[in-house]
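Undergrad: sequence-free structure coming up:
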């Protein structure tokens, strides 16, 4: 995937200059810190690739909007980490731990504004549709985070509600990244919307895979303990499906594990995994992953664009399905 | 001020429809709540007035951007209230008290995005300069809030640093409101910048007046206890000036009052007011207020525009100087 890899490197280099040495440092140092923690830069790289699909010469026009998307994504991580009380992010302390809550709130706000400054560099001819899709998506990401928090205290979340939540919280930003790139590349709105669907379907598939790997993944390849979601009763697709599928004593047993305060971690993970197997939720999750994956590929196949770029976009989608961690 | 009053009413009506009955309610209800708490709506009204100064027919084009400015202003209040730990706002509990911190963070984020959605409705011909001034200003407001928080733990803040802080935190948004209105009204960039200066000078003068009223205002007209800033050692222009002017035992006495944990409120306010009088900081603050006020009027006088609107803008500036609360 040499084209997308090239974009990832370009993004990485440009990001490192965004927030450094600006005053007041109390505001900008946390921003530079967050942007320096790495990550795959997959969203901005897909934005540029989507532009290259239609017009290689316009790719430089996509750089700033692509950076805006990455800054926005990191803003959401920064504020989500406060809300979720997460202490670590990419093996480093989160901003609200390294500094404090106020710093994390205010630096995040400034990052959201800076994201818009970068997005507003989109070519004038597509500025309105680019701003439209970006703002709509940004609001949806907030809605997804709200639903995720709402679900924590709700007993009866349906699978459909969960899928809608991850669509909003995770998938639409992938879709928007590709759509914005396509618009800058000169694609029609109809074609840009196909790329949006490709991205959002990949996004949902990706999140379902994440849920699945936490329970059924290869623990060696995973590189971290399996069962983190089970340990903290995270309402994943698997847990929600199991709660909806199981009846009688099995459902009772699952609820007992959820409400237990003191437990042996290995024992709980093994017991819950057994209940998941009883409810056959692994197969169900895999079937849903495949459904969204195939949907994504179907959208991509409908698009006429540079063959080499299209091939790499397809590779991204497939590499996701082959993840073991 | 019938023209500006009319705009204020129009804004009030439009705001009440912005966030109501949207889902998820956990995200949008706090937004509707904040926007329902009132306030003078002076920024959006000035935005529309500034547009009317040049072209009355384009005022409807200024409505959405004006609403965006008001939504942005309320977003800053929402997040500032978390950071400052403020329990009440306009005689009602703040969002982080009525709901919780996470709700206040996320609803604020969504308000910032919604502000951009509204701003992006500016006429296409001026969309780029309007977005430029809005984003630049929004970042400056964050910088001002950061400086304000930095000052709390700093011993030696200069008057100039304080003036720069209130310029960023308070004044630039007034300037930007007027500039954006002028651009939508068809004014040249040069003229729009005069209105920006008018607004930011008024803003600084207004904040200095606020500082002054807390200590020397008419307590009956003020409607609340005088000395709130003194009670909590808020680094106002008066306190900073006094710390820089006083020497010897007087300076020692002021520092003693600042570090005292247990005190009688009336005694502290009276003692600090005496020290302020000794340092003659009331006269200094008044002189600075007048300087910025005159500066504002000077900028306005340079502008050719509808006479009735110009007269009302001047009245706004003068009414500020006559405030007793």
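TA: Looks like it came in fine. Computed from a predicted model, the values in this text were never measured in an experiment. Numbering: from 1, shown residues only, chains lettered A, B, ... in the order given.

Undergrad: Contact residues of chain A facing chain B?
TA: When proximity is defined as C-beta under 8 Å from any C-beta of the partner chain, chain A approaches chain B at A:23-24, A:26-27, A:79, A:82-83, A:101-102, A:105-106, A:108-110, A:112-114, A:116-117, A:120, A:124, A:127-128, A:131-132, A:135, A:138-139, A:142-143, A:145-147, A:149-150. (Each C-beta comes from the backbone N, C-alpha and C, glycine too.)

Undergrad: Quick check on those residues: which are buried?
TA: Buried members of these, counted by 16 or more other C-beta atoms under 10 Å in any protein chain shown: A:24, A:26-27, A:79, A:82-83, A:102, A:105-106, A:108-110, A:112-114, A:116-117, A:120, A:127, A:131, A:135, A:138-139, A:142-143, A:145-147, A:149-150.

Undergrad: elements contacting the helix or strand harbouring residue A:173?
TA: For residue A:173, the element it lies in under DSSP states H and E is helix A:172-184. Applying 3 or more C-beta pairs under 8 Å, 6 or more residues apart in numbering or on different chains; DSSP states H and E, one finds that helix A:172-184 contacts helix A:42-52, helix A:59-84, helix A:127-152, helix A:189-216.

Undergrad: Kindly recompute the last result at 10 Å.
TA: helix A:42-52, helix A:59-84, helix A:127-152, helix A:189-216, helix A:281-301 (3 or more C-beta pairs under 10 Å, 6 or more residues apart in numbering or on different chains; DSSP states H and E).

Undergrad: show me what contacts the nearest residue to residue A:81 once chain neighbours are set aside?
TA: Nearest residue to residue A:81 in three dimensions, chain neighbours excluded: residue A:94, at 4.3 Å (C-beta to C-beta, 6 or more residues apart in numbering or on different chains). Applying C-beta atoms under 10 Å, 6 or more residues apart in numbering or on different chains to residue A:94 gives the contacts A:30, A:33-34, A:37, A:77-78, A:80-82, A:84-88, A:104.

Undergrad: now with 7 Å?
TA: A:81, A:86-88 (C-beta atoms under 7 Å, 6 or more residues apart in numbering or on different chains).

Undergrad: before we move on, what about residue A:261?
TA: With C-beta under 7 Å, 6+ apart, residue A:261 has no contacts at all.

Undergrad: Surely it is within a helix?
TA: No - using DSSP: H, G, I helix; E, B strand; the rest coil, the assignment for residue A:261 is coil, not a helix.

Undergrad: Hmm, residue A:150 and residue A:235 touching each other?
TA: No - the pair residue A:235 / residue A:150 is not scored as a contact, 10.2 Å apart, by C-beta atoms under 7 Å.

Undergrad: Show me how far stretch A:185-202 is from its chain's centre.
TA: 17 Å (C-alpha atoms, centre = their mean, to the nearest Å).

Undergrad: Let me fix that, I meant to ask about stretch A:273-293.
TA: 20 Å.

Undergrad: What of stretch A:63-80?
TA: Using C-alpha atoms, centre = their mean, the offset of stretch A:63-80 from its chain centre is 11 Å.

Undergrad: Surely residue A:18 is in a helix?
TA: No - according to three-state DSSP, residue A:18 belongs to no helix; its state is coil.

Undergrad: Run through the residues that contact it.
TA: residue A:35.

Undergrad: excluding its backbone neighbours, what's nearest residue A:235?
TA: Nearest to residue A:235 is residue A:151, by C-beta to C-beta, 6+ apart, at 4.9 Å.

Undergrad: And for the closest residue in space to residue A:90 that isn't next to it in sequence, the neighbour number?
TA: The spatially closest residue to residue A:90, leaving aside those adjacent along the chain, is residue A:37, at 4.5 Å (C-beta to C-beta, 6+ apart). Around residue A:37 there are 14 other residues, counting by other C-beta atoms under 10 Å in any protein chain shown.

Undergrad: quick one: residue A:37 from chain B, how far?
TA: In this view, residue A:37 and chain B are 20 Å apart by C-beta to the nearest C-beta, to the nearest Å.

Undergrad: Likewise for residue A:203?
TA: In terms of C-beta to the nearest C-beta, residue A:203 sits 19 Å off from chain B.

Undergrad: List the residues that contact that residue.
TA: Applying C-beta under 7 Å, 6+ apart, we find residue A:203 in contact with A:170-171, A:174-175.

Undergrad: Kindly report the same for residue A:236.
TA: By C-beta under 7 Å, 6+ apart, the contact list for residue A:236 reads A:211, A:229.

Undergrad: For it, give me the pLDDT.
TA: Confidence at residue A:236, expressed as pLDDT, is 96.

Undergrad: Against chain B, how distant is it?
TA: From residue A:236 to chain B the distance is 20 Å (C-beta to the nearest C-beta).

Undergrad: try residue A:1
TA: 32 Å.

Undergrad: Next, count neighbours for the closest residue to that residue other than its chain neighbours.
TA: Nearest in space to residue A:1, with sequence neighbours left out and distances taken as C-beta to C-beta, 6+ apart, is residue A:312 at 4.9 Å. The local packing of residue A:312 (other C-beta under 10 Å) involves 22 other residues.

Undergrad: Residue A:312 and residue A:5 touch, don't they?
TA: No - counting by C-beta under 7 Å, residue A:312 stays clear of residue A:5, with 9.0 Å between them.

Undergrad: surely residue A:141 meets residue A:171?
TA: No - contact between residue A:141 and residue A:171 fails when scored by C-beta under 7 Å: they sit 9.9 Å apart.

Undergrad: got any ranges where the stretch 101-250 of chain A has weak pLDDT?
TA: Low-confidence segments of the stretch 101-250 of chain A (pLDDT under 70): A:219-225.

Undergrad: try 80
TA: Within the stretch 101-250 of chain A, the stretches with pLDDT under 80 are A:218-226.

Undergrad: And residue A:88, its phi and psi?
TA: With angles defined as degrees, to the nearest 10, residue A:88 sits at phi -130, psi 150.

Undergrad: So the closest residue to it other than its chain neighbours versus residue A:257, what's the distance?
TA: Distances taken as C-beta to C-beta, 6+ apart put residue A:94 closest to residue A:88, at 6.5 Å, once the chain neighbours are dropped. When distance is defined by C-beta to C-beta, to the nearest Å, residue A:94 is 29 Å away from residue A:257.

Undergrad: again, but for residue A:183
TA: Taking C-beta to C-beta, one finds residue A:183 at 48 Å from residue A:257.

Undergrad: Which one of these two is surrounded by more residues?
TA: residue A:183 (29 against 16).

Undergrad: Can you pull the phi/psi pair for the spatially closest residue to residue A:64 that is not a sequence neighbour?
TA: Leaving out its chain neighbours, the residue that sits closest to residue A:64 by C-beta to C-beta, 6+ apart is residue A:121, at 3.7 Å. Backbone geometry at residue A:121, expressed as degrees, to the nearest 10, gives phi -80, psi 0.
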